[in-house]
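Engineer: any chance you can model this:
(one chain, ligands or ions: 2)
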Amino acid sequence: MDDDDGWDDTAVTDERKRARVGGAVAQSADLDSFETVDAERHDVGDDDVGFDLHYCGICHTDLHFVQNDMHSTQYPLCPGHELAGVVTSVGKNVTKFKVGDKVGVGCMVDSCLSCKNCAIDEEQYCDNGMTMTYGSQTTHGRAGPNGKQTMGGYSTKMVVNERFAIKLPDSAPLDKTAPLLCAGITLYDPIKAFGVKPGMRVGVAGVGGLGMMGIKIAAALGADVTAISRCHAKEELAKSFGAKHYVAMSDEASVAAAAASLDLILDTVSACHDSDPYAKMLDKRGTLCMLGLQLTPVAVNATEFVFTRKQVTGSLIGGIARTQEMIDFCCSRDIYPDIEVIDVTKVTTALKALVNGNDAGVRYVIDCKTIQ
Ligand code: ZN
Ligand code: ZN
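Structural biologist: Ligands and ions are numbered 1, 2, ... in the order given. Presented below is the predicted three-dimensional model:
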C-alpha cells in the first residue's frame, strides 16, 4: 500500500505476518494497569477477513469498560472499537474484500442474523444479543470459538467475519477514519432516524468526540445546529465544527434564550446530568435523544412532555448497513473528527483525560504500530 499514514507497509509485511499479535490490555479497573501482552486471534475462516490494524480510536465507552462501571468487565480486557487497517488475508467465500483493501470494524463483530432486528439491519438491537468487538462472550459462531471474550482494537491484528467488516475507501486516511466507526455512526444513525434535513433545528449537547461528529454531520445535511456545553470555553471550537448557535449551561441568559428553539437534541453527555433544561430547549413535538451512557437513572419531568408531545428516547451506535452508508457519506465529503494520534504508551494518559469529560475536542487515536 502506498498511502501517507506513516506505515512502511512493504518493509513490515513479511515480518508482521509471522509476528505474534500484540495487545494492550487492562489488568484491572486501575487505568494504570495497562500492559502490552502477547495475545491471540482465531484463524481466518472461509468467511473471514484478516487485517493488520493501523489505528484504533479511544472511546469514552472504553473508559467505562476498563473501570468496570457496568460491573461486567472481565480482565484482562483489550478495549477498542474504532478499528482501521489493511487486509492481509481473506477466506475463500469472501467477496467484498481483497488483500490490500482498507477495512474497518466498529462496535460489534457478530449477532444472530435471524431475529427481527437483525432482519431490518439493526444488529445492534439483536434480540439474542450482539457480540461486541471487545468484552463480549462469543456466542453466534462468527467471531471465533464460542465462549471466549472478544478482544478489541488496542492491538496489532484483527480477524472479522466479512458480514461485520466495513469497506473503507482507498482515499480514506486511516487515522481519521477510525473514530467514525463508533463516534461517527453513533451520531449518524439518530440523525438519519429522526430525519435531519436542511433547516431542521438540531441541538448537540456535549462538544467532545461524539458531539463534534454530530455537529459536523448535521451541519453537512443543512441543519441549523446549536452546540450545548457546560460553559463558554468550547464556543469557538463548536462553531469551527459548523454550529451556528451556542448555549452555555452555566450562563442562565444563554439557556433562557434557547427556550423552545430546537426540534431535536442529540445528548452525548456521559456524565449524569439533569435532562430538564434540555427538555425546555425543545419546541413542541421535539425529541431528546440520549446517546451517552449515563449509568444512574435520570428524572424526567412528565409535565414538560405531556403538555407538548415532546419525546425522550435513546439510540445505540447503528447497524452494519448504516455504518457503511455513514463511511461512504463522511469520506466522500471529507467529514472527519479532529484527532490526536498517540503512542500506545499514552493510553492511560488519554483515558484519564476523558474521565471528567475533560477532553480537548479531539479524538485520541492509537498508532497500532507502537504496540510491540
Ligand atoms: Zn465507542
Ligand atoms: Zn439478531
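Engineer: only C-alpha atoms from now on, for both contacts and neighbour counts.
Structural biologist: Noted.
Engineer: SS state for Val109?
Structural biologist: Here Val109 is recorded as strand under DSSP: H, G, I helix; E, B strand; the rest coil.
Engineer: and it, how far from Tyr75?
Structural biologist: 20 Å (C-alpha to C-alpha, to the nearest Å).
Engineer: which one of those two is surrounded by more residues?
Structural biologist: Counted by other C-alpha atoms under 10 Å, Val109 and Tyr75 do not tie: Val109 has more neighbours, with 29 against 16.
Engineer: check contacts around the more buried one.
Structural biologist: By C-alpha atoms under 8 Å, 6 or more residues apart in numbering, the contact list for Val109 reads Met130, Thr131, Met132, Thr133, Arg142, Ala143, Val160, Asn161, Phe164, Ala165.
Engineer: skipping its backbone neighbours, what lies nearest the residue of the stretch 201-350 of the chain at minimum distance from ligand 2 in space?
Structural biologist: Using C-alpha to the ion, the single residue of the stretch 201-350 of the chain nearest to ligand 2 is Gly319, 11.1 Å away. Using C-alpha to C-alpha, 6 or more residues apart in numbering and skipping residues adjacent in sequence, the residue nearest Gly319 is Glu122, 4.5 Å away.
Engineer: burial count for the one you found?
Structural biologist: Neighbours of Glu122 using other C-alpha under 10 Å come to 21.
Engineer: quick one, helices of this protein?
Structural biologist: For the chain, helices defined by DSSP state H occupy the ranges 9-18, 60-66, 116-119, 174-177, 183-193, 209-220, 235-241, 252-257, 276-281, 302-306, 320-332, 347-354.
Engineer: got the residues of this protein near ligand 1?
Structural biologist: Cys59, Cys182 (C-alpha under 5 Å from the ion).
Engineer: that older thread, thought the residue of the stretch 201-350 of the chain closest to ligand 2 was touching Ala119?
Structural biologist: No - Gly319 is beyond contact range of Ala119, at 10.6 Å (criterion: C-alpha atoms under 8 Å).
Engineer: tell me which of these two has more neighbours.
Structural biologist: Legend: neighbour count by other C-alpha under 10 Å for Gly319 and Ala119, higher for Gly319 (24 against 12).
Engineer: so what does the more buried one have for phi and psi?
Structural biologist: The phi/psi pair for Gly319 (degrees, to the nearest 10) reads phi -70, psi 170.
Engineer: wait, what's in contact with it?
Structural biologist: Asp121, Glu122, Glu123, Gln124.
Engineer: measure the residue lying closest to the first one once chain neighbours are set aside to Phe164 for me?
Structural biologist: Read that as Asp121. Distances taken as C-alpha to C-alpha, 6+ apart place Gly319 nearest to Asp121, at 5.5 Å, with adjacent residues excluded. According to C-alpha to C-alpha, Gly319 and Phe164 sit 9 Å apart.
Engineer: cool, Gly286 as well?
Structural biologist: Distance of Gly286 to Phe164, computed by C-alpha to C-alpha: 34 Å.
Engineer: try Asp343
Structural biologist: Distance, Asp343 to Phe164, using C-alpha to C-alpha: 27 Å.
Engineer: more neighbours: which of these two?
Structural biologist: Neighbour tally, Asp343 and Phe164, criterion other C-alpha under 10 Å: the higher count belongs to Phe164, 24 against 14.
Engineer: list the contacts of the more buried one.
Structural biologist: Listed by C-alpha under 8 Å, 6+ apart, the contact set of Phe164 reads Val105, Met108, Val109, Asp110, Ile320.
Engineer: which of the residues you listed sits closest to ligand 1?
Structural biologist: Met108 (10.4 Å).
Engineer: would you confirm that that closest one contacts Thr133?
Structural biologist: Yes - Met108 is within contact range of Thr133, at 4.7 Å (criterion: C-alpha under 8 Å).
Engineer: mutual contacts of the two, please.
Structural biologist: Residues touching both Met108 and Thr133 by C-alpha under 8 Å, 6+ apart: His81.
Engineer: state the pLDDT value of Pro190.
Structural biologist: For Pro190, the model assigns a pLDDT of 98.
Engineer: so it is in contact with Thr313, correct?
Structural biologist: No - counting by C-alpha under 8 Å, Pro190 does not reach Thr313; the two are 10.2 Å apart.
Engineer: what's the closest of the helices of the chain to Asp367?
Structural biologist: Closest to Asp367 of the helices of the chain is helix 174-177 (C-alpha to C-alpha; 7.9 Å).
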